[in-house]
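Chemist: Sequence plus predicted model, see below.
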Amino acid sequence: MAHSINDCACSEVKLSNETSNFLKKTSYDCLCNKCLLELDQLIAQSLNYTFPLQRKDMIEGVHYYMENGFFVFTELYHVIRGYCCESGCRHCAYGYHN
């Protein structure tokens, strides 16, 4: 384990300002380079959408998917929402665990 962020391999990953700001709102202690890059791509993708204020504005496969008759919100949905509700959501993008 690195004792300084400057010695960590994650410091080699170039993240967008949006991703850096997003990470400040999360509960993550540490993320590997692969996860950081995936998160950076997710944040970039989220910039193409606005948060759906009504059910009719939600896009299946983008904001949610159906499972056994229930709506399951995607990781992208949680990013677009902009905050963690701390409910332990299945696809929490904020690293929160009950």
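Modeler: Received it, and whenever you're ready, just let me know what you need.
Chemist: Could I get the average pLDDT for stretch 8-28?
Modeler: With pLDDT averaged residue by residue, stretch 8-28 scores 88.
Chemist: and it, which residues are buried?
Modeler: Across stretch 8-28, burial judged by 16 or more other C-beta atoms under 10 Å covers V13, L15, T19, F22, L23. The way it works is simple: take the backbone N, C-alpha and C, and place the C-beta from them, glycine included.
Chemist: any idea how far the fourth one is from F73?
Modeler: If you measure F22 against F73 using C-beta to C-beta, to the nearest Å, the figure is 17 Å.
Chemist: give me the element E18 is part of.
Modeler: helix 17-23 (DSSP states H and E).
Chemist: quick one: the following helix or strand past that helix to chain centroid distance?
Modeler: Later in the chain than helix 17-23, the nearest helix or strand by DSSP H and E is helix 33-46. Its chain's C-alpha centre and that of helix 33-46 lie 8 Å apart, by C-alpha atoms, centre = their mean, to the nearest Å.
Chemist: Okay, buried residues for the next helix or strand after helix 33-46 please.
Modeler: Sequence-wise, the next helix or strand downstream of helix 33-46 (DSSP H and E) is strand 64-67. The neighbour-count check on strand 64-67 (16+ other C-beta under 10 Å) flags Y64 as buried.
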